[in-house]
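K.L.:
everything below, folded, please.
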Amino acid sequence: MKVGWPCLGSVAGVALTLILFIGGLATVLSLTALCWIVGIYMICIGFVVGVLEVPIIFQCVEITKPWMETAKKVTPAKRAAIYWTMCVFPFFCVGVGTILAGVGLFLTGFAYFMEFLGPPRVRDAYALRRRELNEGLAEGEEEALIGTGNNDEEFAPLQGFVDNVTQSATKAVAKAAVNQIKDEAVGKK
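P.N.:
Here you go, the predicted structure:
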């Protein structure tokens, strides 16, 4: 059972498949040639997202069976790159369907990127916690979950990047909050 970011990515992918099909059909009905192209593109990537996220729907289509086997092997990092690559083109025709599709593609890619950032110890925490509640945690498993610091060299570059991004985001959010409070204080006087 998927939990957390993987679950969010799958649920967003299922909703996105519907948005892409409906938005693509609505965009094809517009009056400009560029919007027709964008609408057809949205319908085509709706099939791609459907094969990646909802393989049970497309099992009856013979052409998609080899793709479904390949889709099971796609890592979260590659899924994020695929979704972010696909999210650019719908914005060439501005409409409600294309904006929802572009934003949905970006957010689904973000969910898979966040799943990629989580180290294996974090991803396995749910399973260990569930087993601990059911039958008790064996001796030594808790240390494997927390880590001893011996194998942190593997994640050192990634941890530095994530720490820098987190610090930058924290400063930006704090600055925005202070500016908003100042603006509200000035507005009340």
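K.L.:
hey, where'd the helices end up in this structure?
P.N.:
Ranges of helices in the chain, per DSSP state H, are 5-28, 33-53, 65-71, 76-86, 96-117, 120-123, 125-135, 141-146, 156-188.
K.L.:
mean pLDDT for these: which is lowest?
P.N.:
Of all these, mean pLDDT reaches its minimum on helix 141-146 (a mean of 52).
K.L.:
what's the local residue count around residue 174?
P.N.:
Counted with other C-beta atoms under 10 Å, residues neighbouring residue 174 total 10. C-beta here means a position set from N, CA and C on the backbone, and glycine is covered the same way.
K.L.:
measure it to residue 180 for me?
P.N.:
Taking C-beta to C-beta, to the nearest Å as the measure, residue 174 falls 11 Å from residue 180.
K.L.:
where's residue 45 relative to residue 116, distance?
P.N.:
21 Å.
K.L.:
looking at those two, which is more packed in?
P.N.:
Using other C-beta under 10 Å as the criterion, residue 45 and residue 116 rank with residue 45 on top: 23 against 16.
K.L.:
which residues touch that one?
P.N.:
20, 86, 105 (C-beta atoms under 8 Å, 6 or more residues apart in numbering).
K.L.:
go with 10 Å
P.N.:
Contact analysis of residue 45 by C-beta atoms under 10 Å, 6 or more residues apart in numbering lists 16-17, 20, 24, 82-83, 85-87, 89-90, 101, 105.
K.L.:
quick one: which of the residues you listed is nearest to residue 51?
P.N.:
Of all the contacts of residue 45, residue 17 has the smallest distance to residue 51: 9.4 Å, by C-beta to C-beta.
K.L.:
correct me if wrong: residue 95 contacts residue 25.
P.N.:
No - using C-beta atoms under 10 Å, residue 95 is not in contact with residue 25; the gap is 11.9 Å.
K.L.:
joint contacts of these two?
P.N.:
Joint contacts of residue 95 and residue 25 (C-beta under 10 Å, 6+ apart) are residue 39.
K.L.:
count the neighbours of the closest residue to residue 27 other than its chain neighbours for me.
P.N.:
The spatial neighbour of residue 27 that comes closest, neighbours along the chain excluded (C-beta to C-beta, 6 or more residues apart in numbering), is residue 39 at 3.3 Å. Counted with other C-beta under 10 Å, residues neighbouring residue 39 total 23.
K.L.:
and what of residue 21?
P.N.:
Neighbours around residue 21, by other C-beta under 10 Å: 18.
K.L.:
surely it is in contact with residue 47?
P.N.:
Yes - using C-beta under 10 Å, residue 21 makes contact with residue 47 at a distance of 8.7 Å.
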